[in-house]
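Give me a 3D structure for the following:
(one chain, ligands or ions: 2)
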Amino acid sequence: MKTILVTGGAGFIGSNFVYYMLRTHPNVRVVVLDALTYAGNLETLSPLLDNPRFRFVKGDITDRAAVENLFREEGFDAVVNFAAESHVDRSIDTPEIFLKTNILGTQVLLDACRKGGNIRFHQVSTDEVYGDLPLDRPDLFFTEETPIHTSSPYSASKAGADLLVQAYHRTYGANITISRCSNNYGPYHFPEKLIPLMITNAMEGKSLPVYGEGKNIRDWLYVKDHCSAIDLILQGGRIGEVYNIGGHNERSNLQVVKAILALLGKDESAITYVKDRPGHDLRYAIDPTKMRQELGWKPETTFETGLRQTVAWYQENRDWWEHVKSGAYLAYYKQHYGNT
Ligand code: NAD
Ligand code: TDX
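Ligands and ions are numbered 1, 2, ... in the order given. Model prediction:
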């Protein structure tokens, strides 16, 4: 039995990864370390709480003593770091917590891996570290060689963490890999991000706030395909390497919003154009050739199928998102969007 630490496992991608690993690897035990910030939700993991191959620990990755204790207690075989502040808009309002969690938290984990005897460490990063591509050059894509060129405090903090992970490899021989994925969507996605916000707002009869003219392009990947890619990197990725993950599913924000409305059988009258995001990245587009050629990875879910499944999931799991849309999130929503 191998024990894997999944940090941030009560969040969107981390929780999907926990379910994926327990389902596909009967010889894997998963320990989740999560601070349960506004974005973490233990309800998402509640079906696992009695599973003997699962343990949940509430804790902060920046808490060095607590992290080192946990490492001593568990003797992890591998660590996958999803824990992060992940929302670009929040990073524009309050950058500091992004630097603390995303950079210093990563350093604490790297040190714990080092102390533990060079434990295998995978850093879940993002395509946002490459900055953006112009809208009128559909021939351009992010490769692993594209220079780091960040736009927001969020992406700068993720890039800072990546550089630190690479420095630990070069300086201390740390046993690391990094993946940089495009935008994910699917179950358990916190409804502050575009797709779940638009689905749930439309279901509640609220307006759908599109930034600027809705022309910015994102490259969407169904979350399960991200999980399978990380699993392959853990099994066969070359140490010290970066892997880009994406499935060539580019859509403008307006296309995405209209597709959601069509799936819900609603007209487009609720679309509201609001003030643009400062520094708003124009287009993301991943070249996943390295993942395909080295690890044989390919995505299984088309955007049409994935979006249909996602809309159905939010229709069937209203309790889940109504709970997370209350409380602290409501205060943030009012501050960010006013009364739109
Ligand atoms: P999320 O915001 O849904 O979840 C983050 C989780 O981390 C939450 O459970 C939160 O409680 C936890 N967390 C935050 N600070 C912590 C701390 N200090 N200590 C311990 N736990 C803490 O994020 P997500 O969308 O699931 O993203 C997961 C990772 O994947 C992030 O590192 C993000 O940068 C990266 N990523 C996300 C996307 C995407 O489209 N969502 C794409 C590429 C990469
Ligand atoms: O209300 C909105 N209206 C709107 O038009 C929101 C929340 C977003 N948008 C636009 C901004 C972006 O162009 O939709 C696009 C997607 O926005 P987000 O869902 O906030 O995602 P993005 O900024 O692209 O970042 C995401 O992908 C990379 C994740 O949140 C990051 O964690 C990940 O690293």
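
how near is Arg218 to ligand 2?
As for Arg218, its distance to ligand 2 is 5 Å (criterion: CB to the nearest ligand atom, to the nearest Å). Placement of C-beta: from N, CA and C, glycine included.

what are the bridge partners for that residue, then?
Applying DSSP bridges to Arg218 gives these bridge partners: Arg251.

just the one 4 residues further on next, same as before
Beta-bridge pairing for Tyr222 (DSSP bridges): Tyr185.

and it, what pLDDT?
Looking at Tyr222, its pLDDT stands at 98.

What is the biggest helix by length in the chain packed up against?
Longest helix in the chain, counting residues (DSSP state H): helix 153-172. Contact here means 3 or more CB pairs under 8 Å, 6 or more residues apart in numbering; DSSP states H and E; on that basis helix 153-172 packs against helix 88-93, helix 96-98, helix 105-115, strand 120-126, strand 176-181.

Could you dump those into a markdown table and include distance to Gly14?
Output for these, formatted as a markdown table (distance: least, CB to CB, whole Å):
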| stretch | distance to Gly14 |
| --- | --- |
| helix 88-93 | 18 |
| helix 96-98 | 17 |
| helix 105-115 | 14 |
| strand 120-126 | 8 |
| strand 176-181 | 13 |
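
Please name whichever of these is nearest to Ile199.
When these are compared for distance to Ile199 using CB to CB, the nearest one is helix 88-93, at 17.9 Å.

Quick check, Ile4 in contact with Asn27.
No - using CB atoms under 8 Å as the test, Ile4 is too far from Asn27 to be in contact (10.8 Å).

neighbour-wise, which of these two wins?
Neighbours were counted for Ile4 and for Asn27 using other CB atoms under 10 Å; Ile4 has more, 23 against 7.

Please name the bridge partners of the more buried one.
On the basis of DSSP bridges, Ile4 is bridged to Val30, Ala78.

hey, where'd the helices end up in the stretch 151-300 of the chain?
Along the stretch 151-300 of the chain, counting by DSSP state H, counting those that start in this stretch, helices occupy 153-172, 194-203, 223-236, 253-264, 289-295.

quick one, what contacts Ala270?
By CB atoms under 8 Å, 6 or more residues apart in numbering, the residues touching Ala270 are Asn201, Ala202, Gly205, Lys206, Ser207, Leu208, Leu261.

The fourth one: neighbour count?
Other residues near Lys206 come to 16 when the count uses other CB under 10 Å.

Please identify the residues of the stretch 151-300 of the chain in proximity to ligand 2?
Taking CB under 6 Å from any ligand atom as the test, the list of the stretch 151-300 of the chain residues beside ligand 2 reads Asn183, Lys193, Leu194, Leu197, Pro209, Val210, Tyr211, Asn216, Arg218, Asn253, Arg277.

I figured the last one hits Tyr211, correct?
Yes - counting by CB under 8 Å, Arg277 does reach Tyr211; the two are 5.0 Å apart.

so where is this protein shaky, pLDDT-wise?
For the chain, residues meeting the criterion pLDDT under 70 lie at 327-330, 339-340.
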